[in-house]
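Build me a structure from this.
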Amino acid sequence: MFINRYDELSFLEERWKGEKAELIILYGRRRVGKTYLIRRFMKEKRGAYLFVSKAGQPLLDEFSNSIMEQLGLSFRPSIRTFKDLFLLLGKLSSDKRLLVAIDEFQRMAEAEPSFLMELQRCWDEFLSKSRIMLVLMGSAVGIIERLGLSQASPIFGRRTGQIKLKPFDFSCSKEFFRRYGPEDKIRAYSVFGGVPAYLSMVDDSKGLMENISSLILDNKGPLYEEPYFLLSQETREPIRYMSILEAMSQGATKLGEIASKAGMSSSDLPRYLKVLEADLDLVERRYPLTERRRGRTRYHLKDNFIRFWFKFVRPHLTLLEMGEKERVLEVVRMQIDEHASLAFEDVAMEHFSREVVR
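Model prediction:
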């Protein structure tokens, strides 16, 4: 199912048709659909998708194999340095359009700072004169903005476009559960949020509670440990970040409150909140109306699924590990409308905003 990414797809298609060299940054939080979008765009195009799993020499070996296989080369190119990589891409795109997507490029750029510096030199020297369309993809939003978009980046002034993929709003999310009634659509949105990877798991031929049970509450379900997996992939201290999110889920919104509940000092907390807000897009800051003075900032969980998980899964992990998911599901049944009330406010505001635009 392809939903609500037509503007982004159209943008990419237009840049492809232009045939001049393109350097595009495609970024957004994990599981928001970047890979799905780029793979759809790459269909029937001459191109290669390269995934950065680790840095160093083995990575360049992986790139060599991927390029040979995906482009149908009769030889395995020798890629020992980043310059070798860019020279190869320049040669392959010298007189014919070539699409290359490098996914999670920030891992390579952070581990090997020479990557972006070499890209800058090669772009200025020959890649900008080729027919390449190079798409750099990443999921750590704040890091991508620093590495690829800021004035301090080696490739500043070279990019020709950028796309920030965001989670779906309610009007798009509800398309994943078309068979549900209006109330259950809002309840489902309050549970799974707007992240396409989560929404695509919902089977709307089954009831909402059945989906919650099998996908989230079952200790073998795909979303049972999702927050921990997400934080383990993106941070070095997942347990500390879990504690902060748990504190916020319990109603703490001020720095002092969050720090106290999370068992850490208020002076250490801001750097963790910065990651959760800027890099992971899980937390947002709000201010009392007309107030933006120091100390007035309030921090809130931004993601519906994270809010649901910390409200219903985290406090009942012992029961769920014992296989007592029906007992927890009964708690969900009793409290789902209260939980969904926050999502309903967002849905109402979304509807109001659309009506005003009309």
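
Give me the domain ranges for this protein.
According to automatic domain parsing, the chain comprises the domains 6-164, 170-357.

Need those in CSV (columns: mean pLDDT and mean neighbour count).
All C-beta spots, glycine's among them, are computed from the backbone N, C-alpha and C. Formatted as CSV, these follow (pLDDT from 0 to 100; neighbours: other C-beta atoms under 10 Å):
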stretch, mean pLDDT, mean neighbour count
domain 6-164, 93, 17
domain 170-357, 93, 17
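
residue boundaries of the helices in the stretch 101-250 of the chain?
For the stretch 101-250 of the chain, the helices defined by DSSP state H, counting those that start in this stretch cover 105-111, 114-125, 141-144, 170-173, 182-192, 196-199, 208-212, 226-234, 238-249.

for the ones you listed, which one sits closest to E19?
Set against E19 and scored by C-beta to C-beta, those come closest in helix 114-125, at 16.8 Å.

What is the closest one packed up against?
helix 82-92, helix 105-111 (3 or more C-beta pairs under 8 Å, 6 or more residues apart in numbering; DSSP states H and E).

who's in contact with F75?
Contacts for F75 (C-beta atoms under 8 Å, 6 or more residues apart in numbering) come out as M68.

May I have the secondary structure class of it?
coil (DSSP: H, G, I helix; E, B strand; the rest coil).

Turn the helices and strands packed on helix 114-125 into CSV, including distance to E321.
CSV is the format used below for those (distance: least, C-beta to C-beta, whole Å):
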stretch, distance to E321
helix 82-92, 46
helix 105-111, 33
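
I'd like to know which of those is closest to K325.
helix 105-111 (35.9 Å).

for this structure, which helix is longest?
With secondary structure taken from DSSP state H, the chain has its longest helix at helix 325-357.

And that one, what does it pack against?
Counting by 3+ C-beta pairs under 8 Å, 6+ apart, helix 325-357 packs on helix 170-173, helix 182-192, helix 208-212, helix 304-308, helix 317-321.

what's the spacing between V135 and Y6?
Here the criterion is C-beta to C-beta, to the nearest Å. By it, V135 lies 18 Å from Y6.

One more: R298?
From R298 to Y6 the distance is 36 Å (C-beta to C-beta).

try K311
K311 is 34 Å from Y6, by C-beta to C-beta.

Next: L199.
17 Å.

Might you report the residue contacts of I38?
I38 neighbours (C-beta under 8 Å, 6+ apart): L26, Y49, A101, D103, V135, M137.
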